[in-house]
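**Q** Curious how this folds, go ahead:
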Amino acid sequence: MKKLTGILIAIFLIIANLAYLKINTHDFTVKRLIFLNMGILISDLAFWIFLYLNLKKRNFVIFLFLIFLVLVDLDRMNVQVFLEYNDMVTGGIIFPTVIGAVRLAYLFVSVYFFFFLSDFKNFLLRIAGILNIIVAVLVFIEFDNSFAPYLKIITAAVYILYIFFFLGKIKEEKTEKKEEKNENNTEKNNLTI
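**A** Residues are numbered from 1 along each chain as shown. So this is what the prediction gives:
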């Protein structure tokens with residue numbers, strides 16, 4: 001069931017990013033732009049949360065990564081949907097500084113997330129981390145509408161491979177350890193009797 005859930009989330013991320021790619025070539029209504037951007041936001045969150053929950057170790061910085069991911073996705077949606085938001089960003093000093101700080105923080109936590117994923121010694125997780133860093137760089141230099149969806153699609157495809165080849169092995173290892181522990185407990189109980 002866990003594998004199926006992961007695959008469905010990755011497919012949802014791919015579909016949301018494919019739909020998002022049409023923004024550059026079509027004139028959409030505000031409602032449709034909000035819908036497409038919310039699809040990106042929800043699929044990003046679901047994807048990274050599911051990935052994190054299926055890793056053995058936990059780290060608080062990943063929570064910061066998710067917060068900055070939401071802020072960056074909301075910033076992208078506001079730029080595309082609300083004209084007043086563009087005026088606020090280009091017309092002042094404080095607001096662009098805050099936006100830049102959020103994007104820079106997203107870049108830093110993405111780099112940290114890569115090193116966190118590298119601890120697992122799995123090349124597919126490292127590829128996902130590298131692609132996420134590239135997306136964070138594109139977000140920082142405000143060039144993320146063109147290439148970032150493609151990189152997210154590749155990341156989702158890599159994660160589907162990870163699910164097929166490694167997620168099942170992790171579950172099998174946990175099952176084997178539980179069986180060994182149960183056998184050891186049974187042996188101890190028999191010896192004491």
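
**Q** Tell me where this protein is predicted with low confidence.
**A** Scanning the chain with the threshold set as pLDDT under 70 gives 24-25, 86, 89-90, 92, 143-145, 167-180, 182-193.

**Q** which residue is nearest the middle of it?
**A** Note on the chain: the residue nearest the mean C-alpha position is W48, at 3.3 Å, using CA atoms, centre = their mean.

**Q** So for it, what's the nearest residue that isn't a sequence neighbour?
**A** L66 (6.3 Å; CB to CB, 6 or more residues apart in numbering). Glycine gets a C-beta too; all of them are placed from N, C-alpha and C.

**Q** helix, strand or coil for the one you found?
**A** At L66 the chain is in helix, as set by DSSP: H, G, I helix; E, B strand; the rest coil.

**Q** ok, now how distant is it from A105?
**A** Distance of L66 to A105, given as CB to CB, to the nearest Å: 12 Å.

**Q** so the residue nearest to the centre of the chain is in which element?
**A** Per DSSP states H and E, W48 falls inside helix 30-53.

**Q** just checking, what packs against that helix?
**A** Using 3 or more CB pairs under 8 Å, 6 or more residues apart in numbering; DSSP states H and E, the elements in contact with helix 30-53 are helix 2-20, helix 61-81, helix 144-162.

**Q** Any idea how far the second one is from the middle of the chain?
**A** Which is helix 61-81. 11 Å (CA atoms, centre = their mean, to the nearest Å).

**Q** Show residues contacting that helix.
**A** 23, 30, 33-34, 37-38, 40-41, 44-45, 48-49, 52, 85-86, 89, 99, 102-103, 105-106, 109-110, 112-113, 116, 139, 144-145 (CB atoms under 8 Å, 6 or more residues apart in numbering).

**Q** Make a ChimeraX selection of the buried ones in the residues you listed.
**A** Here is the ChimeraX selection string for the buried members of the contacts of helix 61-81, based on 16 or more other CB atoms under 10 Å:
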select :23,33,34,37,40,41,44,45,48,52,85,89,99,102,103,105,106,109,110,112,113,116,139,144,145
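
**Q** about what we covered before: list the contacts of the helix holding W48.
**A** Outside of helix 30-53, the residues within contact range by CB under 8 Å, 6+ apart are 5-6, 9-10, 12-13, 15-17, 19-20, 22-23, 28, 58, 62, 65-66, 69-70, 73-74, 76-77, 80-81, 128, 152, 155-156, 159.

**Q** let's go with 6 Å and repeat that
**A** 6, 9, 12-13, 16, 19-20, 62, 69, 73, 77, 80-81 (CB atoms under 6 Å, 6 or more residues apart in numbering).
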